[in-house]
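Provide a 3D model corresponding to the input given below.
(chains A and B)
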Amino acid sequence: MQYISQIVFLIVVAVAAYFLYQRISRIRKNIFLGKASGRTASPERWKTMLLVALGQKKMFKRIVPAFLHMLIYVGFLVINLEVLEFVIDGIAGTHRIFAPVLGDFYTVLINVFEFLAVGVLFSCVVFLIRRNILKVKRFQGNEMKKWPTLDANLILVIEIILMFAILTMNATDMLIQGQDEHYTQTGTFFFSSFLVPLFEGMQLSTLIIIERFAWWFHILGILGFAVYVTYSKHLHIALAFPNTWYSNLNPKGKMENMAEVTNEVKMMLGMPTENANEPSAEIARFGAKDVNDLSWVNIMNAYSCTECGRCTDNCPANMTGKKLSPRKIMMDTRDRAEEVGASLAKGGKGLEDGKSLLGDYITKEEINACTSCNACVEACPVNIDPLAIILQMRRYVAMEESGSPASWNSMFQNVETNFAPWKFPPTDRFKWAEEMESKS
Amino acid sequence: MSDNLNNVPVMADLAAKGESPEILFWVGCAGSFDDRYKKVTQAFVKILNKVGISFAVLGPEETCTGDPARRAGNEFLFQMQAVSNIQVLDTYNVKKIVTACPHCFNTIKNEYPELGGNYEVIHHSTYLQQLINEGKVGLKGGGEFKGKKITYHDSCYLGRANNIYEAPREVLAALDAELIEMKRCRTKGLCCGAGGAQMFKDAEPGNKEVNVERTEEAIETGASIVASACPFCMTMMRDGVKSKNKEASVEVMDLAELIAKNEGL
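So this is what the prediction gives:
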């Protein structure tokens, strides 16, 4: 009989682990729908990850959300140490196994955890207010209707409830300790003491039920939340790390070279090409029409996006009323990868479902509005690069569809025939010098 | 080197004489064809002549770097341009390139190496800063711009694209002018609206032009001069000033023009 709770605990952990494993494998597959990235290891990558992901360097461009986010982030990391105790207690059937071992230090530790829990609570409440009452502009936007807004609020509410569960558990535990001295003694917890009046006067058995309920609620909540996160924008808590590790380390102005084009250009100009004797590799497509034309880093970018909207907020096209929203580019990429992955898992048509990222999710009007100014890339706290996706789509439109805007086609023609983007005769190119020299 | 400030040495002529200049001044299409930006080209040539640096231009042999074609998606056209330009540059054994266009600068510096073109590429804002540091220009003090309110508009292709934020500001500091920053500056600088080949098409439907949004911010600083370092930014900011009917009180000038004027050139 006494092993029932331990068995239930193990089953619950196993079920959560199973779902997590399934989801992570699926996301991994979806990300690897993309092509090879060519990004290789370097010390610079570790440095970027430590500064930008672990150190949250780019968050601190906006001090208020940075501070609130830091509270949740540190709370999340440190409170998870307590989850370690939960797991050991759950498996071993013990209660607060670290308390007798650590003695007074245990009291200090739990007080620190409680302090952080209150910090998390505070931040989540402020974040809910910012989203729903103050209606901070970057959380609105057309792409934020329905699920993205619900997702954001759910995350905050779940975190608030989880923190309350911890505090409730500690409050009732203190009362139980007072009534039953055989119970593990832990000393006084400062923050949960404020909840004690709620439970005073209750019978010992009721208190034990509430304490156990809060314990189970918290651990089940954490496991459930972990699974939920894999369906949510909240995935950034894990992916921010690999995402920053795989950041673009080149100057932001540099566009990726298309080596498959270089060979053809050199042949056209009668120049020696590398691997000239080898038949050129099968080129699936120039540029990107669908997720599999992107690099896998582009798709990982999409899964790392937590929809904070700093990119869109800083986008010159978006702030002047154009349809382009860099955040939507990332959300669309993720949604399309999810759609293709779900279809493939069911043995469906996957990429051949007659839909594509460009066309069914992202329109030409959006990608044509981009000024390639890199404000979105600069603004992203986890180094997501929406511009890379936009430019690859422009390549598809220009080279596969010849579907660029008419003025761009004229510009192409001018470059080809006049060697300048404007329709000036090449013979006028040096007139500025003639004008100058005629003055001397 | 030359007493004539208006002298424009051409690479082919120098090569014929067996000479090779220290730097190649890459003029760019806007600097060659755009009436307003031609003045910047000319101002920069005057500065080069004044300091006596040995330079040359490609003249009629220069063609578009391919930047707008690449940003608009036409990789073939870009690479055709790039490979041909690299052939020309390598024929003359060019080592060091200075240009007054951030787009040319970005393309030649960052994108030509993969296609076989390896050069030291310097934007004219950095080059002017070097001349100032070497004491070759701008040390007169009490010049024409002393105490004048100037705001600097960051070009995306210098700033975020290549992390050049301080050189243009140090050039302005040499004028002894009062630099007033816009709220959105440096890494947060707002685009003029012309990058990514937008210069060559109408804006997509929206409720405002990007250049107007940016110009309003520049005008709000109360500066009488908007300093720019890019031909597209200059066009966009000038159009913005015109649309706000502020031509009488606000002038858009390139860094090279400011230095040339300060030098009395």
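
so who does residue 130 touch?
I went with chain A, as the question did not name one. Counting by Cβ atoms under 8 Å, 6 or more residues apart in numbering or on different chains, A:Arg130 makes contact with A:Pro65, A:Val136, A:Phe139. Placement of C-beta: from N, CA and C, glycine included.

please go with chain B instead
B:Ile122.

what's downstream of the helix or strand hosting it, the next helix or strand?
For B:Gln130, the enclosing helix or strand under DSSP states H and E is helix B:124-133. Moving toward the C-terminus from helix B:124-133, the next helix or strand (DSSP H and E) is strand B:149-152.

can you list the strands that that following strand pairs with?
The strands that strand B:149-152 pairs with in its sheet are strand B:178-179 (parallel), strand B:225-228 (parallel) (by DSSP bridges).

could you tell me the least trusted of those?
When those are compared on mean pLDDT, strand B:178-179 scores lowest, with a mean of 94.

what lies in contact with it?
B:Gly147, B:Lys148, B:Lys149, B:Ile150, B:Thr151, B:Tyr152, B:Arg169, B:Leu172, B:Ala173.

okay, now the nearest residue to the third one once chain neighbours are set aside: neighbour count?
Meaning B:Lys149. Among residues not flanking B:Lys149 along the chain, B:Ala223 sits closest, at 4.3 Å (Cβ to Cβ, 6 or more residues apart in numbering or on different chains). B:Ala223 has 23 neighbouring residues, counting by other Cβ atoms under 10 Å in any protein chain shown.

pretty sure B:Ala223 is touching B:Ala177, no?
No. The criterion here is Cβ atoms under 8 Å, and B:Ala223 misses it with B:Ala177 at 9.2 Å.

what sits in contact with each of these two?
Joint contacts of B:Ala223 and B:Ala177 (Cβ under 8 Å, 6+ apart) are B:Lys149, B:Ile150.

could the strands paired with strand B:149-152 go into JSON lines alongside distance to B:Thr99 and mean neighbour count?
Formatted as JSON lines, the strands paired with strand B:149-152 follow (distance: least, Cβ to Cβ, whole Å; neighbours: other Cβ atoms under 10 Å in any protein chain shown):
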{"stretch": "strand B:178-179", "distance to B:Thr99": "24", "mean neighbour count": "16"}
{"stretch": "strand B:225-228", "distance to B:Thr99": "15", "mean neighbour count": "26"}
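
how close does the closest residue to B:Ser224 other than its chain neighbours sit to A:Leu116?
Counting by Cβ to Cβ, 6+ apart, the nearest residue to B:Ser224 once its immediate chain neighbours are dropped is B:Lys149, at 5.7 Å. Distance, B:Lys149 to A:Leu116, by Cβ to Cβ, to the nearest Å: 49 Å.

which one's more surrounded, the two?
A:Leu116 (22 against 14).

I'd guessed the more buried one sits against A:Val78; true?
Yes. Taking contacts as Cβ under 8 Å, A:Leu116 lies within contact range of A:Val78: 5.5 Å.

the closest residue to A:His236 other than its chain neighbours: how many residues sit nearby?
Closest residue to A:His236 apart from its sequence neighbours, by Cβ to Cβ, 6+ apart: A:Thr306 at 4.0 Å. As a burial measure, A:Thr306 scores 21 neighbours (other Cβ under 10 Å).

dump the residue contacts of A:Thr306.
Residues in contact with A:Thr306 (Cβ under 8 Å, 6+ apart) are A:Lys233, A:His234, A:Leu235, A:His236, A:Val382.

tell me what the residue nearest to B:Ser224 is bridged to.
B:Glu178.

poorly predicted segments of the chain, please.
The chain I'm using is chain A. For chain A, applying pLDDT under 70 flags the ranges A:1-2, A:274-283, A:440.

not quite, go with chain B.
Along chain B, the parts satisfying pLDDT under 70 run over B:1-3, B:139-142.

phi, psi of the residue nearest the centre of it?
By Cα atoms, centre = their mean, chain B has its centre lying nearest to B:Ala100, at 2.8 Å. Per-residue torsions, B:Ala100: phi -100, psi 10 (degrees, to the nearest 10).

ok, now which ones touch it?
B:27-28, B:31, B:37, B:40-41, B:44, B:123-124, B:229, B:231, B:254, B:256.

please apply the same query to A:Glu307.
By Cβ under 8 Å, 6+ apart, the contact set of A:Glu307 is A:Met144, A:Pro148, A:Ala152, A:Lys233, A:Arg327, A:Met331.

change it to 7 Å
A:Pro148, A:Lys233, A:Arg327, A:Met331 (Cβ atoms under 7 Å, 6 or more residues apart in numbering or on different chains).

need phi/psi at the last one.
Think A:Met331. The phi/psi pair for A:Met331 (degrees, to the nearest 10) is phi -60, psi -40.

how about the first one?
Backbone dihedrals for A:Pro148, given as degrees, to the nearest 10, come out at phi -60, psi -40.

what's the closest non-adjacent residue to it?
Using Cβ to Cβ, 6+ apart and skipping the chain neighbours, the partner closest in space to A:Pro148 is A:Glu307 (5.6 Å).

regarding that neighbour, what is its secondary structure?
With DSSP: H, G, I helix; E, B strand; the rest coil as the basis, A:Glu307 sits in coil.

could you list the domains of chain A?
Per the record, chain A has its domains at A:4-31+A:62-245, A:284-407, by automatic domain parsing.

endpoints of the last one, how far apart?
Counting by Cα to Cα, to the nearest Å, the length from the leading to the trailing residue of domain A:284-407 is 28 Å.

return the distance of that domain from the chain's centre.
How far domain A:284-407 lies from its chain's middle: 15 Å, per Cα atoms, centre = their mean, to the nearest Å.

likewise the first one?
Relative to its parent chain, domain A:4-31+A:62-245 has a centroid offset of 20 Å by Cα atoms, centre = their mean.

what sits against A:Phe241?
Here A:Phe241 is in contact with A:Met49, A:Ala53 (Cβ under 7 Å, 6+ apart).

tell me who's in contact with residue 204.
Just going to use chain A. A:Ile176, A:Gln179, A:Asp180.

my question was about chain B
Residues near B:Glu204 by Cβ under 7 Å, 6+ apart: A:Lys322, A:Lys323, A:Glu365, A:Asn368, A:Ala369.

where does the stretch 51-200 of chain A get nearest to chain B, residue-wise?
Using Cβ to the nearest Cβ, the single residue of the stretch 51-200 of chain A nearest to chain B is A:Lys61, 7.9 Å away.

just give me the neighbour total for that residue.
Quick note: A:Lys61 (other Cβ under 10 Å) scores 14 neighbours.

B:Asn106 too?
B:Asn106 has 26 nearby residues by other Cβ under 10 Å.

circling back: from the contacts of A:Thr306, pick the one nearest chain B.
A:Val382 (16.2 Å).

can you tell me how far the closest residue to the closest one other than its chain neighbours is from chain B?
In this structure, A:Val382 finds its nearest non-sequential neighbour in A:Ala240, 4.5 Å apart by Cβ to Cβ, 6+ apart. Between A:Ala240 and chain B the computed distance is 20 Å (Cβ to the nearest Cβ, to the nearest Å).

next: A:Leu50.
20 Å.

what kind of secondary structure is that residue in?
Per three-state DSSP, the local secondary structure of A:Leu50 is helix.

show me the contacts for it.
Per Cβ under 7 Å, 6+ apart, neighbours of A:Leu50: none.

repeat for A:Ile219
Contacts of A:Ile219 by Cβ under 7 Å, 6+ apart are A:Phe86, A:Gly90.

apply 6 Å and report the result again.
Counting by Cβ atoms under 6 Å, 6 or more residues apart in numbering or on different chains, A:Ile219 touches A:Phe86.

and it, helix, strand or coil?
Three-state call for A:Ile219 (three-state DSSP): helix.

okay, now the nearest residue to B:Ala174 once chain neighbours are set aside: neighbour count?
Among residues not flanking B:Ala174 along the chain, B:Gly138 sits closest, at 3.8 Å (Cβ to Cβ, 6+ apart). The number of residues packed around B:Gly138, counting by other Cβ under 10 Å, is 24.

how much space between B:Gly138 and B:Gly117?
Distance of B:Gly138 to B:Gly117, given as Cβ to Cβ: 32 Å.
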